[in-house]
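>>> Got a predicted model here, sequence first, then my questions.
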Amino acid sequence: MTSSTDTSAGGPVKPSAQGSTGTGVPPAVRVPPQLTAARGEHTHGERPRPEPAGPPVGVARPRPGGSVPEPRTERTRTDDDVAPQVRADRPPAEPPVRPVVQRASVRGQILDALRTALVSGELMPGEVYSAPVLGDRFGVSATPVREAMQQLALEGAVEVVPNRGFRVVERGARELGELAEVRALIEVPVMLRLARTVTVERWAELRPLAEATVRAASSGSRAAYAESDRAFHRAVLALAGNEQLVQIADDLHRRAQWPLVGAPASRGRAELVSDAAEHTALLDALIAGDVDVVRVLVGEHFTGAS
């Protein structure tokens with residue numbers, strides 16, 4: 001059998017190991033597409049073969065210019081792979097939702113302002129106040145004012161008047177005495193126990209709070225003194241490690257600070273200074289570990305509160 005020559009390929013072509021196909025024409029030799037593209041040659045006389053659908057993963061597709069790109073590897077598609085015009089078609093991102101904390105913060109600020117107004121006597125016992133009017137006063141809508149007033153109603157400071165607003169509760173000396181008695185039943189045993197167990201160093205850390213009550217009393221501001229007074233008592237009771245105790249005692253303390261019916265709008269400066277001096281004397285006794293003096297001072301403190 002004689003071998004045939006493919007003149008279009010530029011050289012002799014060896015016959016197939018299987019021989020001819022029976023027609024006298026040797027089978028065509030397939031040239032890898034990569035090599036064909038690299039040489040820039042064409043195989044004349046051969047039937048065009050369809051190109052594969054795409055190179056397998058990791059194999060680069062040859063470029064018409066003759067260069068072979070680096071093999072590609074799979075990677076996660078990111079937004080950087082998206083054409084700019086595609087990204088432009090996307091709807092704009094929605095603005096972040098306003099946190100609910102902002103509204104709660106407004107209500108908390110209004111609640112603090114109303115408590116201060118109660119202590120200072122700006123909100124008079126027996127008077128009715130509407131949420132819209134108070135909202136105009138604080139520069140907010142009626143909603144946070146109404147929510148704050150509802151909290152004060154739960155605490156017993158005001159009562160709801162349908163279609164009108166909220167009335168400041170009228171309290172007498174008897175209620176104030178009952179509050180002082182309950183506070184003494186809770187706080188006195190705790191302070192006596194703490195006087196025996198808490199170290200001198202821990203008591204010394206409360207010195208700035210006791211001094212803050214003296215400064216607030218010297219200013220003559222009943223609202224400022226009321227806040228510093230409760231802060232000192234909270235810090236003392238917190239040494240017991242009982243959060244429920246601190247919360248209950250602080251609630252009773254706050255209610256005891258509301259003005260009485262017929263009483264002056266605010267306590268005099270001298271009365272505030274005298275009350276604050278009891279804090280520093282009590283702290284000195286606690287640091288000294290003198291339980292007897294602590295018992296006397298705490299008893300006098302709550303008696304004077306009534």
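Done, it's in. Numbers count the residues shown, from 1 in each chain.

>>> Determine the number of other residues adjacent to Ala231.
15 (other C-beta atoms under 10 Å). Every C-beta, even on glycine, is put in place using the N, C-alpha and C of the backbone.

>>> doesn't it fall inside a helix?
Yes. Per DSSP: H, G, I helix; E, B strand; the rest coil, Ala231 lies within a helix segment.

>>> Name the SS class of the closest residue to it other than its chain neighbours, please.
Nearest residue to Ala231 in three dimensions, chain neighbours excluded: Leu209, at 5.8 Å (C-beta to C-beta, 6 or more residues apart in numbering). Here Leu209 is helix, with the state taken from three-state DSSP.

>>> For Leu209, which residues are in contact?
228, 231-232, 235 (C-beta atoms under 8 Å, 6 or more residues apart in numbering).

>>> Just send the residues you listed back as TSV, with pLDDT and distance to Ala180 too.
Output for the contacts of Leu209, formatted as TSV (pLDDT from 0 to 100; distance: C-beta to C-beta, whole Å):
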residue	pLDDT	distance to Ala180
Ser228	96	19
Ala231	97	19
Phe232	97	17
Ala235	97	20
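
>>> List only those of those residues flagged as buried.
Neighbour-count burial (16 or more other C-beta atoms under 10 Å) applied to the contacts of Leu209 gives 228, 232.

>>> what ranges do the strands span in the stretch 151-300 of the chain?
Assigned by DSSP state E, counting those that start in this stretch, the strands in the stretch 151-300 of the chain fall at 158-161, 165-168.

>>> Of all those strands, which one is nearest Leu252?
strand 158-161 (17.5 Å; C-beta to C-beta).

>>> So in that sheet, which strands flank the closest one, and in what orientation?
Using DSSP bridges, strand 158-161 pairs in its sheet with strand 165-168 (antiparallel).

>>> for the record, mean pLDDT for the strand it pairs with?
Average pLDDT, strand 165-168: 94.

>>> Assumed Pro125 was part of a strand.
No. Applying three-state DSSP, one finds Pro125 to be coil, outside a strand.

>>> Let me see the contact set for it.
Pro125 neighbours (C-beta under 8 Å, 6+ apart): 168-171, 259-261.

>>> same check, this time on Thr116
122, 223.

>>> tell me which element it is part of?
helix 100-120 (DSSP states H and E).

>>> List the buried residues of that helix.
106-107, 110-111, 113-120.

>>> Over to stretch 210-227?
210-214, 216-217, 221-227.

>>> now the residue lying closest to Val293 once chain neighbours are set aside: how far from Leu111?
Nearest residue to Val293, sequence neighbours excluded (C-beta to C-beta, 6+ apart): Ala285, at 4.1 Å. Note on Ala285: its distance to Leu111, by C-beta to C-beta, to the nearest Å, is 35 Å.

>>> Over to Val190?
Distance, Val190 to Leu111, by C-beta to C-beta: 27 Å.

>>> Please determine how far the closest residue in space to Ser221 that isn't next to it in sequence is located from Ala226.
Excluding the flanking residues, the one nearest Ser221 by C-beta to C-beta, 6+ apart is Ser120, at 7.8 Å. In this view, Ser120 and Ala226 are 9 Å apart by C-beta to C-beta.

>>> CSV please, covering the strands of the stretch 151-300 of the chain and showing distance to Thr143 and mean neighbour count.
Conversion of the strands of the stretch 151-300 of the chain to CSV gives the following (distance: least, C-beta to C-beta, whole Å; neighbours: other C-beta atoms under 10 Å):
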stretch, distance to Thr143, mean neighbour count
strand 158-161, 16, 16
strand 165-168, 14, 21
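
>>> Export the ones you listed as TSV, with columns for distance to Val145.
Shown next, in TSV, are those (distance: least, C-beta to C-beta, whole Å):
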stretch	distance to Val145
strand 158-161	12
strand 165-168	9
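
>>> Find the pair from the contacts of Pro125 with maximum spatial separation.
So, those by C-beta to C-beta: farthest apart are Val168 and Leu260, at 11.6 Å.

>>> pLDDT weak spots in the protein?
Along the chain, segments meeting pLDDT under 70 span 1-104, 261-267, 304-306.

>>> for it, longest helix please?
Ranked by number of residues, the top helix in the chain under DSSP state H is helix 173-197.
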